[in-house]
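> Got a predicted structure plus its sequence, pasted below:
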Amino acid sequence: MQASEFKQLFLPCHRKLFSVAYRLMGNAQAAEDMVQETFLKLWMQRDKMGNVDNPEAYAITVLRRLFYDRMRTGHLQEVDKDVGSLQVTSSQNISRQLEAADEYQQVRLLITCLPEPQAKIMLMRDVEDRSFEEISIETGLTEVNIRSVLSRARKKIREQIKAMRYGKD
């Protein structure tokens, strides 16, 4: 496979790969690194691939396998570390990081508990950073409807967060 053919097949998948990587990693920089690693792996295997029917699905599969391999090996390396070699910078800093991660997970859970069109649209727009046009194509809704559904979803999430913070139901 020539470079031009590779670019035509896989470069248009970048945005989708990034959104999948971001959902898996939860960090924009780590997600971009994972996407670049995916492109590198695809490039290295370009001669073995043959004819790919769905380049986007193929690339996403490669990305997920890389992610799971990294998680598997990363977990094993972490277990093998000597406890004395781990450094704790500040208990407050770690506490803030844990709180932020917990809040992130709570908000994601709140989003997934929204009614179907609201949850899907909010994830596509706010988590995957998709354009209104892309969401419209995928959902079949008009951009005006999407904005309305998104507004209601965000309002509901704000109300639920406020209720959690102040102990109201």
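Thanks, I have it.
> Quick check, central residue of this protein?
Nearest to the mean C-alpha position of the chain, counting by CA atoms, centre = their mean, stands residue 23 at 1.8 Å.
> and the closest residue to that one other than its chain neighbours, what pLDDT?
Counting by CB to CB, 6 or more residues apart in numbering, residue 23 lies nearest to residue 127, which is 6.7 Å off, once chain neighbours are set aside. For glycine as for every other residue, the C-beta is placed from the backbone atoms N, C-alpha and C. pLDDT recorded at residue 127 is 77.
> now residue 18
So residue 18 comes in at 90 (pLDDT).
> Quick check: what element follows the lowest-mean-pLDDT helix or strand in the chain along the chain?
One helix or strand of the chain scores below all others by mean pLDDT, DSSP states H and E: helix 91-112, with a mean of 71. Per DSSP states H and E, the first helix or strand lying C-terminal to helix 91-112 is helix 116-122.
> If you count neighbours, what's buried in that following helix?
117-122 (16 or more other CB atoms under 10 Å).
> Out of the residues you listed, which is nearest to residue 2?
Of all these, residue 120 has the smallest distance to residue 2: 38.2 Å, by CB to CB.
> May I ask you to confirm that the closest one is in contact with residue 146?
No: applying CB atoms under 8 Å, one finds residue 120 not in contact with residue 146, separated by 10.3 Å.
> Mutual contacts of those two, please.
Residues touching both residue 120 and residue 146 (CB atoms under 8 Å, 6 or more residues apart in numbering) are residue 139.
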